[in-house]
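J.: pasting the structure only:
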C-alpha cells in the first residue's frame, strides 16, 4: 500500500467517525438494544427520583431529579422509537464494529489493573499492564515491547510520582526503600 | 495596581512561566496527535494538580488548552488528519498546500495567525468580561437556572447527531451531579443506602472515564492508522504575507471570539464558520478554496484560537462554561475552593487577571513552539497508537486514583469509560454529560431559590419570567432551541431561504 493509500484510508476512518455525528438514517448493530436499555435505566431513575421526596413541594430535594429523569425517560423513549424504526446499517456487525475482541480484552485488562492496583502496588501492576497491552496491540518482539513498556513506565513514574508527587499504592514493591536508595546515592544520605 | 500585579504574576514568577511553557509545549503535541484531545488531557491533568496551589494548576491547564487548540493544525496540514476537531477546517486548504510542497509555509502562516487570533480573543476577554460580570450581578436565581438549561441545551444541540440525544446526555449529567446528600436538607438522592454513593460520584472520575478511557477505547478501531513523513521547508512567514491577510484575520478573529463566548460552542464551530465566512468574502483568493488557498488556512486558525479567550468570558463572568475544556476548568476552580461567576470577579479579581496574564504568556509560547521543533514534532506524531493507547489508559487510572486515593474512583472511571464508548458509538454527545454534572448544582439551587421566593407558586414564577426582559430572552432562547429541531422549523427555514437551498443542491 502506498503512502497515499494509507492516507486516504486514515482520512476515511476520520470521516467515518465524523459521520457518526451527523443524523444517520440507518441503525448501527446493537443500537436499538442500547436505546431500550437506556429507557429502562431512565424509568428506574424516575422511580428512584420519586422516592426522594415525592410531590412534597416544588422546592423539595426530589423535584429537580424528578423533572430531569422525566426528561430522560421522554428523550430515551423518542430515541428508542426512532432507532427501532431505522433499517440496520449494511456491512457492520456488533462483533467487528462495536465490540471487537481487542476492545473486550483491553477493558478486562483495565479492570484487572484496578483490582490488582492495591494488593500488588502501582509499579508491578503498571509494568504488567503496559507489557501485556503493548505486546498485544503492537505485535513486536519481546525485547522491543519490554523496552518501550518499561521505558514509558519509568518516564511516567519520574514525571508523576517524583515531580508531581502523586501518591500511588506501593503494594509488594519496596518503593520507599528504592527512593531512599536513590536519594542516598545522589544526596549523600541527606 | 493590584490588577496589574495579578496580570504580571506569570511573567514575574519563573515557576509559573515554566509551567505555562511546559503546558503549551505538551498541548501542542497532545493536540497534534489524532485521538488525543485537549479535553482529555486537561481532564486527566486536573487530578495530578489537585494538591497544588491554584495558580500553578491553572497555569499548566491554560498552557495545555492554548497549545492544544493550535496543535491540531499541524497534523491537519501534514497528514490531512486533524489532530483536534477545531482543525477540521484547517485541513481543507492546509493539506493541499502541503501536497504542493508548501507544508513549512502553511505551518508558519497557521502559527502566526493562531497567535494573532489568540491575542484578539484574550484582549476581548480582558475588556468585556468585567462589564459582563457587572451585568451578571443583576441576574435573578431564575435567570441562572435558565442559563444552566440553555448551556446544556446548546451543547446538546450543537455537538451531536440530534437534539434529543443531546438532551438525554445533559439530563443524565445532571443526575450524576445530584447523586449523594442534598446540601440543603441532607436527604439522600440516588444513594440507595449505599455508603459509597452518599458522598456522590467523583466528577473527575466521570470526566476521565468519559473523555479519556472512552476515547482510548474508540481509538482501538484505528490501530493501523499510518504515519507519513513530510519535508519541511521555510517556516516563518514574511511581514508582507502577514500584512496581506491581516484584514481577513481580524474579521475571523471576531467570529471566533463571539462563537467561543456562546455557551456550548467552541473552536471547532468557530473555525468552520470562519472558513465559510472567508469563502464568501474573499473575491480573489490566492488559489481556489480547497486547493490550497492561504485564506482558507488563515480564517479557521485565527478563529479557533480567538475562541479560547471567548470561551473564558461566560466561564469567568457567569460560571457557565463556554465549551468542554472550560467546563473542566470550572471543575478545577471548584476543586481549589473558588466559585466561578460574577462574584469571583468582585471577590477575587486577581484570579481573573492572573488567567488573562497566563493566556497571554501561553499565546507567546505557542508562537515560539509553533515555529520551532518541527523535527521533534514529526517524531512524536509518528508514535504508534498501539503504544499510545495503553499509555493513555495508564494515565487515566493514575489520574482517577490520585484525587482521593480511592479505588472506587477507578471503578467509576472504568464504568463511565465503557458507557462513554457506547454513547460515542451510537451518536450520544459526551460534552453535555460533563456540562450537566458541572451545572447540576447551579440548576438545582437556583430553581429552589426562585420557587421559594415565589412562594411555591408556578404562576408567579412564569409571571416573573415574562415581566423581566432578561428572563424572557433566556426563556425564548430555550424555547427556540426546541423549536429549531422540529420539522415545522425546517419547513419554515426552507421556505424562507430558497436561494441557499438551491445553492446547496
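T.: Noted; the coordinates are in hand. From a predicted model like this one, the values you see are computed outputs, not experimental measurements. Numbering: from 1, shown residues only, chains lettered A, B, ... in the order given.

J.: enumerate the positions of stretch A:24-38 that are buried.
T.: A:24, A:27, A:28, A:29, A:30, A:31, A:32, A:34, A:35, A:36, A:38 (16 or more other Cβ atoms under 10 Å in any protein chain shown). (Glycine included, C-beta is placed from N, CA and C.)

J.: host element of the first one?
T.: Just to be clear, that refers to residue A:24. Per DSSP states H and E: residue A:24 is located in neither a helix nor a strand.

J.: quick check: it touching residue A:88?
T.: No - look at residue A:24 against residue A:88 with Cβ atoms under 8 Å: they stay out of range, at 11.2 Å.

J.: can you give me the helices for chain A?
T.: Along chain A, counting by DSSP state H, helices occupy A:3-19, A:31-53, A:63-85, A:101-120, A:122-138, A:142-156, A:175-187.

J.: worst mean pLDDT among these?
T.: Note on these: helix A:3-19 shows the lowest mean pLDDT, a mean of 36.

J.: picking that back up, need the helices of chain A in a markdown table with distance to residue B:68, can you?
T.: Shown next, in a markdown table, are the helices of chain A (distance: least, Cβ to Cβ, whole Å):
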| stretch | distance to residue B:68 |
| --- | --- |
| helix A:3-19 | 18 |
| helix A:31-53 | 31 |
| helix A:63-85 | 31 |
| helix A:101-120 | 25 |
| helix A:122-138 | 25 |
| helix A:142-156 | 20 |
| helix A:175-187 | 32 |
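
J.: low-confidence ranges, chain B, go.
T.: By pLDDT under 70, the low-scoring segments of chain B are B:1-2, B:34-36, B:79-83, B:85, B:155-161, B:225-234, B:263-265, B:375-382, B:497-505.

J.: name the residue most distant from the centre of it?
T.: Distance from the C-alpha centroid of chain B peaks at residue B:455, with 38.4 Å (Cα atoms, centre = their mean).

J.: please identify the helix or strand for that residue.
T.: For residue B:455, there is no enclosing helix or strand under DSSP H and E.

J.: any chance you could list what contacts stretch B:43-54?
T.: Residues outside stretch B:43-54 that contact it (Cβ atoms under 8 Å, 6 or more residues apart in numbering or on different chains) are A:160, A:164-166, B:56-57, B:60-61, B:64, B:204, B:207-208, B:211-212, B:328, B:331-333, B:335-338, B:351, B:395-396, B:398-400, B:402-403.

J.: ok, the residue nearest the centre of chain A to residue B:316 distance?
T.: Geometric centre of chain A, nearest residue: residue A:107, 7.2 Å, by Cα atoms, centre = their mean. Distance, residue A:107 to residue B:316, by Cβ to Cβ, to the nearest Å: 38 Å.

J.: ok, back up a step: quick one, what contacts the residue nearest to the centre of chain A?
T.: Residue A:107 neighbours (Cβ under 8 Å, 6+ apart): B:217, B:414, B:418.

J.: please repeat the previous calculation with a cut-off of 7 Å.
T.: Residues in contact with residue A:107, defined by Cβ atoms under 7 Å, 6 or more residues apart in numbering or on different chains, are residue B:418.

J.: can you give me the strands in the stretch 251-400 of chain B?
T.: Applying DSSP state E, counting those that start in this stretch to the stretch 251-400 of chain B gives no strands.

J.: up against chain A, what does it have?
T.: B:384, B:386, B:387, B:389, B:390, B:391, B:393, B:394, B:397, B:398 (Cβ under 7 Å from any Cβ of the partner chain).

J.: which residues touch residue B:77?
T.: Each residue near residue B:77 by Cβ under 7 Å, 6+ apart is listed here: B:90, B:94, B:95, B:97, B:98, B:103, B:106, B:107, B:110.

J.: tell me if the fourth one really is in a strand.
T.: It stands for residue B:97. No - under DSSP: H, G, I helix; E, B strand; the rest coil, residue B:97 falls outside any strand and is assigned helix.

J.: which residues touch the spatially closest residue to residue A:48 that is not a sequence neighbour?
T.: Here the nearest residue to residue A:48 in space, its sequence neighbours aside, is residue B:190; by Cβ to Cβ, 6 or more residues apart in numbering or on different chains that works out to 5.6 Å. For residue B:190, the contact set (Cβ under 7 Å, 6+ apart) comprises A:48, B:175, B:178, B:179, B:197.

J.: quick check on residue B:190: phi, psi?
T.: In terms of degrees, to the nearest 10, the main-chain angles of residue B:190 are phi 60, psi 40.

J.: what do you get for residue B:287?
T.: Residue B:287 adopts backbone torsions of phi -140, psi 170, taken as degrees, to the nearest 10.

J.: give me the distance between it and residue B:275.
T.: 15 Å.

J.: again with residue B:426
T.: As defined by Cβ to Cβ, residue B:426 lies at a distance of 29 Å from residue B:275.

J.: ditto for residue A:154
T.: Taking Cβ to Cβ, one finds residue A:154 at 43 Å from residue B:275.

J.: number of residues surrounding the closest residue to residue B:37 other than its chain neighbours?
T.: Excluding its sequence neighbours, the residue lying closest to residue B:37 (Cβ to Cβ, 6+ apart) is residue B:84, at 6.0 Å. Per other Cβ atoms under 10 Å in any protein chain shown, the neighbour tally for residue B:84 reads 30.
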